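K.L.:
Okay, sequence plus prediction incoming.
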Amino acid sequence: MDNVGTTMPNRENAITRLLERFPIIYQFLRFAAIGFLNVAINFLILNGISKALGISEGLPLGAVEAVAFVFALIQSYLWNRMWTFGGEQGISLWKNFLRLVLVGSVGAFSIILVLVGSKFFAPPYYYFGILLVFLICQIVLWRTFGFHTSTAGHTGNSFIAFFIVTLVGFGINVGLVSLISLHLHITHTDLDKNLAAVAATAVSLFWNFFGYKVVVFKK
């Protein structure tokens with residue numbers, strides 16, 4: 001029993017030392033968790049507006065994706081500024097793990113609801129209702145984490161750099177959604193446009209992370 005009792009703290013200390021030695025590991029995990037939030041808000045706005053306007057493919061869908069992308073961009077900047085590349089100190093391994101799970105779960109569960117709704121041709125108010133709950137959950141998490149934008153260690157110029165780096169991802173995202181949606185007809189339902197959005201998001205994921213780390217939020 002004593003060995004079991006000492007193994008867990010030793011393992012926790014080893015993981016903590018590893019993350020302290022290679023902070024990029026935990027930064028990427030936080031970035032990935034936030035990525036679920038960004039995909040979720042993108043999908044919710046994309047589906048809500050496109051369903052309301054009767055848009056399903058081509059350049060019109062790309063234009064709606066552009067609107068959704070802007071909202072995801074603002075959300076991404078705030079979360080990455082305060083959490084991924086912020087100066088968070090004194091947070092235990094398990095508390096960090098819980099934060100990852102909570103943030104990722106809010107995003108992942110919202111994405112699942114969007115995909116289920118798209119499979120069954122859900123009306124626009126379905127997506128806007130989920131969006132409202134999604135935003136409330138984010139506010140609760142933000143307050144629980146104790147984030148305050150006034151204490152962030154980055155200047156206003158960081159948003160300009162963030163925008164420039166993301167602009168490349170924006171082109172990739174919108175371009176791929178427009179192109180793939182024209183040629184991807186697997187399910188012949190609203191799910192196809194979400195699959196196109198997934199592919200576009202996956203391509204720009206690593207570009208955004210390293211761009212933010214090296215250019216935007218560099219120490």
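P.N.:
Everything's here; your move. None of these values were measured; they are calculated from a predicted model.
K.L.:
In contact with the residue nearest the centre of the chain, which residues?
P.N.:
Compute the mean C-alpha point of the chain, and by Cα atoms, centre = their mean the closest residue is Gly35, 2.2 Å away. Residues near Gly35 by Cβ atoms under 8 Å, 6 or more residues apart in numbering: Gly107, Thr201, Leu205. Placement of C-beta: from N, CA and C, glycine included.
K.L.:
which element is it on?
P.N.:
helix 23-53 (DSSP states H and E).
K.L.:
State the next helix or strand along the chain beyond that helix.
P.N.:
Where DSSP H and E defines the elements, the next helix or strand beyond helix 23-53 is helix 58-79.
K.L.:
Identify each buried residue in that following helix, please.
P.N.:
Neighbour-count burial for helix 58-79 flags 61-62, 64-65, 68-69, 71-73, 75-79 (criterion: 16 or more other Cβ atoms under 10 Å).
K.L.:
How many neighbouring residues does Asn80 have?
P.N.:
Asn80 is flanked by 26 other residues according to other Cβ atoms under 10 Å.
K.L.:
Am I right that it is in contact with Phe28?
P.N.:
No - between Asn80 and Phe28 there is no contact under Cβ atoms under 8 Å: 11.4 Å.
K.L.:
circling back to that earlier point, same list, the contacts of Gly35, but as TSV with secondary structure, distance to Ile49 and neighbour count please.
P.N.:
Supplementary listing: these in TSV, determined by DSSP: H, G, I helix; E, B strand; the rest coil; distance: Cβ to Cβ, whole Å; neighbours: other Cβ atoms under 10 Å:
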residue	secondary structure	distance to Ile49	neighbour count
Gly107	helix	19	24
Thr201	helix	18	22
Leu205	helix	23	17
